[in-house]
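Undergrad: here is a sequence with its predicted model. Questions after.
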Amino acid sequence: TPPGPPGLPLLGNFLDLPKKEAWKTYIEWGKKYNSDFLSMKVPGQRFFILNSSKVCHDLLVKKSTIYSDRPHSTMLYDLIGVGWLIVFMKANTEYWKIHRYLFRKEFDSGDSTSVNKYHALQAARRLIHRLLTSKDYEGELRLAAVDLILSITYGITPTSFEHPFIQVTEAINKIFADVARGGYLVDVFPFLKYLPGWIPGIQFQGMASRARTYAKDVLTGPYSEIQDQLNSGTALSSVASRFFSEMQEGNNRSEMEKEVMRNVLANAYLAGSDTSTCALYNVVLALAIHPEVQKRAQKELDDVLGGPSLPDFNDYSRLPYVTALVNEVFRCYPVTPFAVYHVSTQDDVYNGYEIPKGSILIPNAYALLHDESLFGPNTDKFNPDRFIKPDGTVNPDLSNIEVAFGFGRRACPGRFIAKDTIWVMAASILTAFEITDPLDMNGNKLTSESTLEFTNAMISFPPRMKVTFKPRIPESIIHDAVKHQ
Ligand code: HEM
């Protein structure tokens, strides 16, 4: 086996599992054991840590036929019954492939790309409009992420979290988070089931049955709303409305296609809302603690827009610094520092080391995104210039940034939507506001030198903070932009 911390006879490395920003500890282990490929063991399960671009590429990309599965969760599959969650589907099955295929086809090809961009732009404008008066910028960013996904998928543009579809999806999201914190660990570490005091089964059963009801509502709820809208001619163009109107025009779809479509729509919310929210928090954090970066992006926007107006996708190619800034947010503060764990489906040998079938592979995306051989010096510093070539354009050679969205066959199918959305939201916020006076929750000033601790979770959130959004263009421009929607 490859090197790694020695661990204890019975518990293995269970006590070595880092409690804070685990990706940083794994980088330290890599240095200590002088290897980019490490192993850990807890009873019943072997883990491999992949600390470099080479080892991630060799296994997750080149050998993706055998390294694309997920940890099987009895909790999620058998008790909650959410076999329709793409992110946890068994790899290489027809069912998984057809979901990914339909996702790409409906969300990310032909007309859908321009419709998605239209919705992203409108959601960005609704966001800056709310930020003019709101006291809760975090709530507004979260609503913007949800607004974006619901408008793209169903043409629903919620004005608050009270929308019934949001309520039920947030409820299910919370249960998934609880499962991830507690119950899900039981699946990953089966021996925990035998430790006394572990999550009481009764509580879990109740949670599972609630989750099953919510899951059904999430899948079927918006359907009737869309049908009504189509019948009354009020439906906005969306993935769902296009699918249904084609059916109404006589383009029959099989029951299977309908089921997959329903699943894909619900998956977009569940996979896209927390991730996009987190990325938006990171944008605001980066701008707040790097005022010089903020000023430079604003100057670029002011020069390109040539007067008080709002940016849109037509300005994209003339705003390389804004693009570099968004790339740098994805690099410096990765939303998913470990992507999502992959699992192997066959015994394999790598560099002489045996990797048994069923091993969990932890791709340390954070380590790759902070690797100086890939991104230049001082990767712990936030510096959009690393993405800018001497001629001022965006450097396409730093394509490793894609690992912020995962690896191989499992790579995030929503990444194009995510990148467009975060870009247009960042550009809109920068144009409309100066973000100032960042304070931590104890009221201490935050600067680029402050130590920031991100949450130790699959989706790693930045520390909470307070900031001020000061309008920098006439408010009437923002009012007009949403009035004409
Ligand atoms: C900042 C935003 C986002 C980030 C950082 C992100 C990141 C990721 C990562 C790391 C994975 C796992 C890749 C792997 O296993 O190697 C993933 C999977 C997935 N993402 Fe995203 N994502 C984002 C936004 C979205 C959005 C907006 C959608 C939908 C519209 C989406 C849909 C999905 C789905 C369905 C999967 C499961 C794919 C599979 O397991 O086959 N994501 N994402």
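TA: On my side now, so go ahead.

Undergrad: chain center to stretch 215-223: distance?
TA: Relative to the mean C-alpha coordinate of its chain, stretch 215-223 is positioned 22 Å out (Cα atoms, centre = their mean, to the nearest Å).

Undergrad: actually stretch 324-335, not the one I wrote
TA: Counting by Cα atoms, centre = their mean, stretch 324-335 comes out at 12 Å from the chain centroid.

Undergrad: before we move on, what about stretch 317-332?
TA: Distance of stretch 317-332 from its chain centroid, counting by Cα atoms, centre = their mean, is 17 Å.

Undergrad: could you point out the longest helix of the chain?
TA: Counting by DSSP state H, the longest helix found in the chain is helix 255-289.

Undergrad: after that one comes which helix or strand?
TA: helix 291-305 (DSSP states H and E).

Undergrad: what is the mean pLDDT for that following helix?
TA: Taken as a whole, helix 291-305 has a mean pLDDT of 98.

Undergrad: pull the residues that contact it.
TA: The set of residues external to helix 291-305 that reach it, using Cβ atoms under 8 Å, 6 or more residues apart in numbering, is 286-288, 311, 315, 318-322, 325, 382, 384, 427, 430-431, 434-436, 472. No exception for glycine: its C-beta is placed from N, CA and C like everyone else's.

Undergrad: most centrally placed residue in this protein?
TA: Thr275 (2.8 Å; Cα atoms, centre = their mean).

Undergrad: ok, for that residue, nearest residue in space, not its chain neighbours?
TA: Val335 (5.3 Å; Cβ to Cβ, 6 or more residues apart in numbering).

Undergrad: give the helix, strand or coil label for that neighbour.
TA: Secondary structure for Val335, judged by DSSP: H, G, I helix; E, B strand; the rest coil, is coil.

Undergrad: contacts only, for it.
TA: Here Val335 is in contact with 275, 278-279, 282, 404, 459-460 (Cβ under 8 Å, 6+ apart).

Undergrad: just the pLDDT for Val186.
TA: So, for Val186, pLDDT stands at 50.

Undergrad: returning to what we had before: check the gap between the residue nearest to the centre of the chain and Asn327 for me.
TA: With the distance defined as Cβ to Cβ, to the nearest Å, Thr275 ends up 16 Å from Asn327.

Undergrad: and what of Arg415?
TA: Applying Cβ to Cβ to Arg415 and Asn327 gives a distance of 13 Å.

Undergrad: next, the angle helix 291-305 makes with the longest helix of the chain.
TA: 110 degrees (axes from the mean of the first three to the mean of the last three Cα atoms, to 10 degrees).

Undergrad: only the buried residues of helix 255-289, if you could.
TA: Residues of helix 255-289 classed as buried: 259-289 (neighbour count, 16 or more other Cβ atoms under 10 Å).

Undergrad: same thing with stretch 9-24?
TA: Those would be 12-14, 16, 21-24, for stretch 9-24 by 16+ other Cβ under 10 Å.

Undergrad: please compute how far stretch 452-470 lies from its chain's middle.
TA: Worked out by Cα atoms, centre = their mean, stretch 452-470 lies 14 Å from the chain centre.

Undergrad: count of residues packed around the closest residue to His479 other than its chain neighbours?
TA: Using Cβ to Cβ, 6+ apart and skipping residues adjacent in sequence, the residue nearest His479 is His129, 7.0 Å away. Using other Cβ atoms under 10 Å, the number of residues around His129 comes to 20.

Undergrad: the ligand versus His129, what's the distance?
TA: 22 Å (Cβ to the nearest ligand atom, to the nearest Å).

Undergrad: any idea of the angle the helix or strand hosting that residue forms with helix 255-289?
TA: Applying DSSP H and E as the criterion places His129 in helix 111-131. Helix 111-131 runs at 40 degrees relative to helix 255-289, counting by the same axes, to 10 degrees.

Undergrad: which other helices and strands contact helix 111-131?
TA: helix 137-154, helix 239-248, helix 415-432, helix 475-483 (3 or more Cβ pairs under 8 Å, 6 or more residues apart in numbering; DSSP states H and E).

Undergrad: quick check, pLDDT for the residue nearest to Thr275.
TA: Confidence at Val335, expressed as pLDDT, is 97.

Undergrad: please list the residues of the stretch 1-150 of the chain that sit near the ligand.
TA: Residues of the stretch 1-150 of the chain lying close to the ligand (Cβ under 6 Å from any ligand atom) are 86-87, 100.

Undergrad: now these in JSON lines, please, with extra columns for secondary structure and distance to Asn400.
TA: Output for these, formatted as JSON lines (DSSP: H, G, I helix; E, B strand; the rest coil; distance: Cβ to Cβ, whole Å):
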{"residue": "Ile86", "secondary structure": "helix", "distance to Asn400": "24"}
{"residue": "Val87", "secondary structure": "helix", "distance to Asn400": "22"}
{"residue": "Arg100", "secondary structure": "helix", "distance to Asn400": "23"}
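
Undergrad: quick one, which of these are buried?
TA: 86, 100.

Undergrad: would whichever strand or helix holds Tyr321 count as contacting the ligand?
TA: If you go by DSSP H and E, Tyr321 is part of helix 320-332. No. In terms of Cβ under 6 Å from any ligand atom, no part of helix 320-332 sits within range of the ligand; the closest distance is 7.0 Å.

Undergrad: neighbouring contacts of that helix?
TA: So helix 320-332 is contacted by 279, 282-283, 286, 293, 296-297, 300-301, 316, 369-370, 375, 379, 381-388, 392-394, 398, 401, 404, 419, 422-423, 426-427, 430 (Cβ under 8 Å, 6+ apart).

Undergrad: might you name the residue of the stretch 251-400 of the chain sitting closest to the ligand?
TA: Proximity of the stretch 251-400 of the chain to the ligand (Cβ to the nearest ligand atom) peaks at Gly272, 2.8 Å away.

Undergrad: that residue reaches Phe416, doesn't it?
TA: No. Counting by Cβ atoms under 8 Å, Gly272 stays clear of Phe416, with 11.7 Å between them.

Undergrad: sorry, back to before: neighbour count for Arg415 and Asn327, which is higher?
TA: Asn327 (23 against 16).
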